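**Q** coordinates only, sequence not included:
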């Protein structure tokens, strides 16, 4: 089943928040290459739908192992990384991304339900650049991406 999430359905407050983060609009993110890593199909589809709607090029994978394999041959501007995945969690995957010269400078943003201050510090110390707490709304993904990509 395909879920369609539209930014057009967002409320006025969300639009004002996005406008303050991306004053010249979300067009500055058009063409950004993003990898979304999550073992939950709904989360993958939500991120894909929201980001593609603003012109972001999105690739989705369901595990850290697959993400590492994809990163060997494709360059991304940003990776949205789920924390809780079987076998290799988001922190382990991020540490491996940072250890590989091909991807070491790639922005990594955690996607997690564990977003306390202590958790945030653990993610940042593993090499992640930022965190978006689950459950999240599309506007939060866009805001985090805009912040990391320096959209103005």
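**A** All right, it came through fine. Just so it is clear, the model here is predicted, and its values are computed rather than measured.

**Q** for the helix or strand hosting residue 42, packing partners?
**A** Per DSSP states H and E: residue 42 is located in helix 41-53. Judged by 3 or more C-beta pairs under 8 Å, 6 or more residues apart in numbering; DSSP states H and E, the packing partners of helix 41-53 are strand 33-37, strand 57-61, helix 138-149. C-beta: built from backbone N, CA, C; applies to glycine.

**Q** Now do the buried residues in the second one.
**A** Put plainly, it is strand 57-61. Along strand 57-61, these residues count as buried under the neighbour rule (16 or more other C-beta atoms under 10 Å): 58, 60-61.

**Q** Straight-line length of stretch 82-96, end to end?
**A** Its first and final residues considered, stretch 82-96 spans 15 Å by C-alpha to C-alpha, to the nearest Å.

**Q** now the protein, which segments are flagged as low pLDDT?
**A** 1-26, 114-117, 151-152 (pLDDT under 70).

**Q** ok so, going back, and the helices and strands packed on helix 41-53, which is most packed in?
**A** strand 33-37 (a mean of 24; mean count of other C-beta atoms under 10 Å).

**Q** list the helices and strands that one packs on?
**A** Secondary-structure packing of strand 33-37 (3+ C-beta pairs under 8 Å, 6+ apart): helix 41-53, strand 57-61, helix 64-71, strand 78-82.

**Q** picking that back up, turn the helices and strands packed on helix 41-53 into JSON lines, columns for distance to residue 123.
**A** Written out in JSON lines, the entries for the helices and strands packed on helix 41-53 read as follows (distance: least, C-beta to C-beta, whole Å):
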{"stretch": "strand 33-37", "distance to residue 123": "14"}
{"stretch": "strand 57-61", "distance to residue 123": "19"}
{"stretch": "helix 138-149", "distance to residue 123": "12"}
